[in-house]
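>>> need a structure here:
(one chain, ligands or ions: 1)
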Amino acid sequence: MKVEPAGSVAGHIAVPGDKSISHRAVLIGALCEGETRVRGFGRSADTQSSVDAVRTLGIDVDDIADDELVVKGRGLTPFSDQTAVVDCGNAGTLIRLLAGVLAGQRGRFELTGDESLRARPMDRIAEPLRRMGARVTTAPLVVEGSDALEGIEYVLPVASAQVKSAVLLAGLNASSTTTILEPAPTRDHTELMLAAAGARVRRRPSSVSIEPASRLELGEVAVPGDFSSAAPFVVAATLLAGSELTIHDVGLNPRRTGLLDVLERMGARITIYNRRKSGGELLGDLEVRSAELTATDVAGEEVPRLVDELPLFALAAAVARGDSRLTGAAELRVKETDRIESVTNGLRALGIRIRARDDGFEIRGVPARPTGGRMSSLGDHRVAMLAAIAGLVSRDGVEIEDADAVAISFPGFYELLNSVSRR
Ligand code: S3P
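This is a model prediction of the structure:
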């Protein structure tokens, strides 16, 4: 697949529903009483893995439309007394959150997935779930759930919303309060959705507690557009002179929108309209106009707020004036690919001056179009989207190997990109 250079991007678009929230709607919906209608469901290979997983475990899910489904919940322990193998595909969020759900249900569950998923660290969930009373082995990940889990107080060793969520979900079926302390704020979609479903969730600035639940009910979830799917378009519109692009109904949860803060610090021109709230989640419309950028550093507590957008930050920094640096992002090494390596090697092949560090990268910005060339996604959806935006802003275009990887989170990505690109 070749992405040719564009002059600008323009128009009005919307992106599919948020992947993190869609996974949670399916998993938490299964634990609810009765039906949960999910509107704006972000259908993709990853979220389909969640639908297939709960179906494997006996939950009915009705597909109403591409972006709408109904999950027929069966209360807090719908999976107990089963022995099952569940294929989680490429979805890290699914495998980790589901492990948390299953920890509190009697049975034996083997959770598996593709080669990339099987190589990802699972000790981070096994450890707290064991402390709560489940038997968990990793490689392969096997959860032997228990109906006698105990609440724990757990200090997260890494800032991970997936680990936090796994422990919170296990806490629903524990006999006492579960508290998680976070080293830095991570996405809080699980807390917000559980609170909306009636769970007793208590939030403090750097911790969250959940009480054992007796009944959850969601009724309906309206999923906002995925900020992480909007992000490639935000960067394209910022970098291509003469662009003016509006992205409607995008999720703007502040724990997800670190990229907006970073780009604004670099000089981007982004305006938010129609700010509103739905199901505890903020959303709005983003209007993005092109701008000349200057370098910046990203570090520390800011990292989890743009963890999935850091590949795009590298591209923005590459065409900014000055040198930029990312530190404190060693977590990138354990994503769908080692994103420090896949991003630095990929962008370097396009003529960009970027160097890997143990915990991030350093970029020498040049305010001009990078040359372009060939870049492989290595099967990583976020790397494929990075390559595509690099192609648009390049001089010669970018030939993307394994371009189909975008379907993991955003099957219609290239069509939408085409529809806004102006020569
Ligand atoms: C996610 C949390 C993050 C993120 C991933 C989705 C979630 O992972 O990178 O794409 O939905 O909770 P970590 O929890 O590993 O940081």
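
>>> burial of the closest residue to residue 43 other than its chain neighbours, as a residue count?
In this structure, residue 43 finds its nearest non-sequential neighbour in residue 66, 5.2 Å apart by Cβ to Cβ, 6 or more residues apart in numbering. (Each C-beta comes from the backbone N, C-alpha and C, glycine too.) Counted with other Cβ atoms under 10 Å, the neighbours of residue 66 add up to 12.

>>> distance of residue 66 from residue 268?
As judged by Cβ to Cβ, to the nearest Å, residue 66 and residue 268 stand 32 Å apart.

>>> now swap in residue 356 and tell me
25 Å.

>>> of those two, who's got more company?
For residue 356 against residue 268, the residue with the higher neighbour count under other Cβ under 10 Å is residue 268, and the figures read 23 against 17.

>>> got a list of what the more buried one touches?
Taking Cβ atoms under 8 Å, 6 or more residues apart in numbering, we find residue 268 in contact with 238, 260, 288, 291, 293.

>>> for the one helix or strand the first one maps to, packing partners?
It refers to residue 238. Per DSSP states H and E: residue 238 is located in helix 227-239. Counting contacts by 3 or more Cβ pairs under 8 Å, 6 or more residues apart in numbering; DSSP states H and E, helix 227-239 is packed against strand 8-14, strand 244-251, helix 258-266, strand 269-278, strand 281-289, helix 310-318, helix 381-393, helix 413-420.

>>> the ones you listed: which one's closest to residue 214?
strand 281-289 (25.1 Å; Cβ to Cβ).

>>> partners of the very next helix or strand once past that closest one in the sheet?
The helix or strand immediately downstream of strand 281-289 is strand 297-298, counting by DSSP H and E. Applying DSSP bridges, strand 297-298 is found paired with strand 322-326 (parallel).

>>> may I have the strand it pairs with as CSV, with CA atoms only?
Written as CSV, here are the backbone C-alpha positions of strand 322-326 (Å, rounded to 0.1, in the frame of the first residue of the first chain):
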residue,chain,number,x,y,z
GLY,A,322,14.5,22.0,17.4
ASP,A,323,15.2,18.8,19.2
SER,A,324,12.5,16.9,21.1
ARG,A,325,12.9,14.1,23.6
LEU,A,326,10.6,11.4,25.1
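
>>> what comes up buried for it?
324, 325, 326 (16 or more other Cβ atoms under 10 Å).

>>> out of the residues you listed, which touch the ligand?
Applying Cβ under 6 Å from any ligand atom, the subset of those adjacent to the ligand is empty.

>>> any chance of JSON lines for those, columns pLDDT?
Converted to JSON lines, the buried residues of strand 322-326 look like this (pLDDT from 0 to 100):
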{"residue": "324", "pLDDT": "98"}
{"residue": "325", "pLDDT": "98"}
{"residue": "326", "pLDDT": "98"}
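
>>> what does the chain put close to the ligand?
The chain comes close to the ligand at residues 20, 93, 160, 161, 162, 165, 187, 307, 308, 331, as judged by Cβ under 6 Å from any ligand atom.

>>> just those now: which is nearest residue 383?
Checking the residues of the chain next to the ligand against residue 383 with Cβ to Cβ, the nearest one is residue 308 at 11.2 Å.

>>> report pLDDT for the closest one.
At residue 308, the predicted lDDT confidence score is 98.

>>> residue 218 too?
97.

>>> pretty sure it sits against residue 197.
Yes - Residue 218 is within contact range of residue 197, at 4.8 Å (criterion: Cβ atoms under 8 Å).

>>> what touches both of those two?
Joint contacts of residue 218 and residue 197 (Cβ under 8 Å, 6+ apart) are 28, 32.

>>> show me where this structure has its helices.
Ranges of helices within the chain are 19-31, 45-56, 92-103, 115-118, 123-132, 161-171, 189-196, 227-239, 258-266, 310-318, 339-348, 381-393, 413-420, based on DSSP state H.
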